[in-house]
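S.K.: Sequence and predicted structure are below.
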Amino acid sequence: MLKQRIITVLWLVPLVLGAIFLLPVEYFSWALVAVFLIAAKEWGKIIDSQCQVTQWSFTVTIGLLLAGLNWLVPTDSIWFRGQIHPIYMGVISVGALWWAVSLLMVFSFPKSAGFWQKSPMLKSMFGQLTLLPCFTSLIALKALSTTNDPYFGGMLVFLVMLVVWATDSGAYFAGRALGRTKLMPNVSPAKTIEGLLGGLLTTMLVVVAVMQMSPEQELGLVIGVTLFTALASALGDLSESMFKRVAKIKDSGNILPGHGGVLDRIDSLTAALPVFTLIYITFWM
């Protein structure tokens, strides 16, 4: 298993970094559609793990919505004079609101599952609210690249990924070494409060890196944005765990050997990206 995980990382990370930094945003936006279609198919299992028709209909619906976004808002129209397109702003804002609702659902699980666990319509809606704002946020950040600074948007996306990776890695090692107090035993029995605190502490390495690269940044703001993004990433992970637990599935898929499915790899990003993007637009631009 460990060998498979390492091999997958060795080819996946260069592919992801190449897309983030080297792929023009107009191609990046369409390449993302393919990735999110795989994630949508995997979310279809959460809706109904036994029904292929349900899974494929949800996938097609997501595909049409993503393609519609790309056609309706071309990448060169996403930003105008420092303002984000209203459609993008609306999708990202709704996404941030969804994660506030999801937080309540996670905290009150399994009681909260009573109103949605037998409703394919609600689980489909939750899937749309999870995937669409993440997709929109990725493209919005990437589109901030300019002729003078072609890697700026990619750096913002990479920054969010670094926070997520630091949170996950710190939580894993701190949890194994110090974990005693269960964080959300009904949702994810393996996660501990000590692990979460270790993950948050590890993200301070990202803060140090940001301050070294951009010393003009306000330290308090960088720390606040980093911690808030890290907490959002933990929520994304817990939220997917909650939905998978109800669906009685361990991994969302098996397309990434040793890592599960695409949804398993981006679950933290689905929350971290919209939250970071909204904070960036509101306080940091």
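M.R.: Good, I have the coordinates.

S.K.: Please, which helix or strand holds the closest residue to residue 37 other than its chain neighbours?
M.R.: In space, and not counting its chain neighbours, residue 37 is closest to residue 63: 5.3 Å by C-beta to C-beta, 6 or more residues apart in numbering. Quick note: C-beta positions are derived from backbone N, CA and C, even for glycine. Under the assignment given by DSSP states H and E, the secondary-structure element containing residue 63 is helix 52-72.

S.K.: where does this protein dip in pLDDT?
M.R.: By pLDDT under 70, the low-scoring segments of the chain are 1-3, 5, 256-259.

S.K.: So in it, which helix runs the longest?
M.R.: If each helix of the chain is counted by residues according to DSSP state H, the longest one is helix 219-247.

S.K.: elements contacting the next helix or strand after that one?
M.R.: Following helix 219-247 in sequence order, the next helix or strand is helix 262-279 (DSSP H and E). Contact here means 3 or more C-beta pairs under 8 Å, 6 or more residues apart in numbering; DSSP states H and E; on that basis helix 262-279 packs against helix 25-47, helix 86-107, helix 120-142, helix 152-178, helix 219-247.

S.K.: Could you export the shortest one as PDB, CA atoms only?
M.R.: It refers to helix 86-107. As requested, the backbone C-alpha atoms of helix 86-107 are provided in PDB (Å, rounded to 0.1, in the frame of the first residue of the first chain):
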ATOM      1  CA  PRO A  86     -20.900  38.400 -10.500                       C
ATOM      2  CA  ILE A  87     -21.700  34.800 -11.400                       C
ATOM      3  CA  TYR A  88     -18.300  33.600 -10.000                       C
ATOM      4  CA  MET A  89     -18.800  35.700  -6.900                       C
ATOM      5  CA  GLY A  90     -22.300  34.300  -6.400                       C
ATOM      6  CA  VAL A  91     -21.200  30.700  -6.800                       C
ATOM      7  CA  ILE A  92     -18.200  31.100  -4.400                       C
ATOM      8  CA  SER A  93     -20.400  32.900  -1.800                       C
ATOM      9  CA  VAL A  94     -23.000  30.200  -2.000                       C
ATOM     10  CA  GLY A  95     -20.200  27.700  -1.500                       C
ATOM     11  CA  ALA A  96     -19.000  29.500   1.600                       C
ATOM     12  CA  LEU A  97     -22.500  29.500   3.000                       C
ATOM     13  CA  TRP A  98     -22.800  25.800   2.200                       C
ATOM     14  CA  TRP A  99     -19.700  25.000   4.300                       C
ATOM     15  CA  ALA A 100     -21.200  26.900   7.200                       C
ATOM     16  CA  VAL A 101     -24.300  24.700   6.900                       C
ATOM     17  CA  SER A 102     -22.100  21.600   6.500                       C
ATOM     18  CA  LEU A 103     -20.300  22.500   9.700                       C
ATOM     19  CA  LEU A 104     -23.600  22.300  11.600                       C
ATOM     20  CA  MET A 105     -24.400  19.000   9.900                       C
ATOM     21  CA  VAL A 106     -21.000  17.500  10.900                       C
ATOM     22  CA  PHE A 107     -21.300  18.700  14.500                       C
END
